Structure formats: C-alpha cells, structure tokens
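Q: next input, structure requested:
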Amino acid sequence: MVCLGAIAAAVTGLVLASSEPVTIGTDAPFPEYTYLDATGLITGFEKDLMDEVCTRAALRCDWELANFDQLIPGVMSGRFDVVLGGMAVTDDRRALVDFSQTYHGTDPEEWYIGPPGAPVPAVALVGVQSGTVHEAHLRRMGYRHTSYPTEPQVLAALAEGEVDLALGPFQTRSDIHAFVAAKGLDYVYSEMIPDDGVAMAVCKGNTDLLDTLNGALDAMRRDGTLASLEARWFE
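A: You can find the predicted model right below:
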C-alpha cells in the first residue's frame, strides 16, 4: 500500500505547514489508554498525552474512531496522520509504519481467559481481536484461532461458547475482571508476548510529523508532564 503521507512530504515538504488538521485514529475500548467515558467522549492516558502534544506543537488535531485492525492500514493509506491506542511496537509493525519514541512500558505476560478446565491454547480454538499483537502471536505459534473486529465480539464469542479461550490485554483491566466474574470464567493460561513499549505511529517516511511528535514528547519527559500523566492513569 502506498504511503500517501510520505509522498506528500517528499513532493511538497509542507506536511506541518498545511492548515489541514492532523487526524488521529484510535480504537477506544481499552482503559486506561483510550476509552469512551459515560458521555461517549474519548478519554484516557493517550487522549491526555496526545492533546498535550497537539498543544505544544501547535497542531490542530481531530480524533476519529476505528476498529484496531484499521489503524495501521489507515495511517499507511493517508486516512489518518497518527494512530495510537495501546499500540505495542514490534518488528512486524516497524516494517509498515514509523513509530514515535515510546512513552509507556508493557508487561509481556498476557493471559487467556476461559472456563475452568478449558483446553490448553495449543489445542483450543482461541478468539482474538484482529490486528493485535495477540493475533500475531497466535499465528506465529500455529494455534487455531478465530479473529473478530472488536474486543466485545471476542468476549461475546467466548461467553456463547463459540471459542474455547480468548486472548487479549485482559489481566490489568478492571472492566474485563467484571466480565470474567459474571460469566464464571477465569484467567486460565498465560504466555509471554514481548514488545518494545507503547508508541504512536505515522505513515512511513513522514519525518516532519514524526520529528514534531518526538520533540513534544521529549519536552514532556523533561518537564515531568509525561510522568505526571502516567501516575494519573496507571498508579
């Protein structure tokens, strides 16, 4: 897929000088990174972080919701200028997009949820959200799996018995804990899925925008703003 942002940067050199807004794509079912509050507004750690980046860089930023598996293709095609939302940096993704510096670490231990006595992942049918590192892990391991566009669809498939297990970023999520308890499920197996931290992604070759994002993140790290946001949302 052609990276339209990179073409624009190479031809005009005006990516950041343009009066056009910067379009930020995210999926928002993922506390504490990005999620919808009771009024339907995007909130969370990365919403606060990106709003601060936009203010410091004098960018006019618009937000757009999309399924997670649409984010990287969307930034590659020019639908989005920036994508984020608990997006782990991996070598596979680096081949497709350029990442900002990381601004949050992750726990490499990820959990499968399922009913007590569920078969082990190597023989189970596993539900997973498409486009995630969890789906990539299942594919790499050769495990049978069914991919769904959204996390609620994954959890519904598990609750209805369409899959034996569900794999996702579940262990630290209070919203998922309530679902697990209500459905008589448990955290039954874990595996290590390492990554290089969480960052935002831009179209490959869009160095002007990437440098602007990194400059704002550097300043936020130096003056303690990044640490303050992390403390607010994760401690």
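
Q: how about the secondary structure of the nearest residue to residue 25 once chain neighbours are set aside?
A: With CB to CB, 6 or more residues apart in numbering as the criterion, residue 25 has its nearest non-adjacent residue at 3.6 Å, and that residue is residue 80. For every residue, glycine as well, the C-beta is placed using N, CA and C. Residue 80 carries the three-state label coil when classified by DSSP: H, G, I helix; E, B strand; the rest coil.

Q: which ones are touching residue 80?
A: In this structure, residue 80 makes contact with 23, 24, 25, 64, 66, 71, 74, judged by CB atoms under 8 Å, 6 or more residues apart in numbering.

Q: what's opposite the fourth one in the beta bridge?
A: Beta-bridge pairing of residue 64, defined through DSSP bridges, involves residue 25.

Q: what number of residues lie near it?
A: 14 (other CB atoms under 10 Å).

Q: how near is it to residue 183?
A: Distance check for residue 64 against residue 183: by CB to CB, to the nearest Å, it reads 32 Å.

Q: what separation do you get for the residue nearest to residue 25 and residue 32?
A: Relative to residue 32, and taking CB to CB, residue 80 is found at 22 Å.

Q: again, but for residue 58
A: In this structure, residue 58 and residue 32 are 27 Å apart, going by CB to CB.

Q: got a list of what the closest residue to residue 168 other than its chain neighbours touches?
A: Of all residues beyond its chain neighbours, the one nearest residue 168 is residue 134 (5.5 Å), with distances taken as CB to CB, 6+ apart. With contacts defined as CB under 8 Å, 6+ apart, residue 134 is in contact with 110, 128, 167, 168, 169, 193.

Q: residues contacting residue 170?
A: Remark: with contacts taken as CB under 8 Å, 6+ apart, residue 170 is in contact with 110, 111, 113, 176, 180, 187.

Q: quick check: buried residues in the longest helix seen in the chain?
A: Longest helix in the chain by number of residues, with DSSP state H as the criterion: helix 207-222. Judged by neighbour count (16 or more other CB atoms under 10 Å), helix 207-222 contains these buried residues: 208, 209, 210, 212, 213, 214, 216, 217, 220.

Q: what does stretch 190-209 give?
A: Neighbour-count burial for stretch 190-209, with 16+ other CB under 10 Å as criterion, is recorded at 191, 193, 195, 198-206, 208-209.

Q: check stretch 122-134 too.
A: Taking 16+ other CB under 10 Å as the basis for neighbour counts, the residues of stretch 122-134 that come out buried are 124, 126, 127, 128, 129, 130, 131, 132, 133, 134.

Q: could you pull out the strands for the chain?
A: Ranges of strands in the chain, per DSSP state E, are 22-26, 29-30, 34-36, 42-43, 61-65, 82-84, 97-99, 109-114, 126-129, 145-148, 165-168, 186-192, 201-203.

Q: and the fifth one, what does it pack against?
A: Of the remaining helices and strands, those touching strand 61-65 by 3 or more CB pairs under 8 Å, 6 or more residues apart in numbering; DSSP states H and E are strand 22-26, helix 45-56.

Q: report the buried residues of that strand.
A: When neighbours are counted by 16+ other CB under 10 Å, the buried residues of strand 61-65 are found to be 61, 63.

Q: same deal with the third one?
A: Judged by neighbour count using 16+ other CB under 10 Å, the buried positions of strand 34-36 are 34, 35.

Q: so what's the gap between it and the chain middle?
A: 11 Å (CA atoms, centre = their mean, to the nearest Å).

Q: still on that earlier bit, and the furthest pair within the buried residues of stretch 190-209?
A: Looking at the buried residues of stretch 190-209 by CB to CB, the two members farthest from one another are 191 and 208, with 39.1 Å of separation.

Q: now do stretch 196-214, average pLDDT.
A: Stretch 196-214 carries an average pLDDT of 97.
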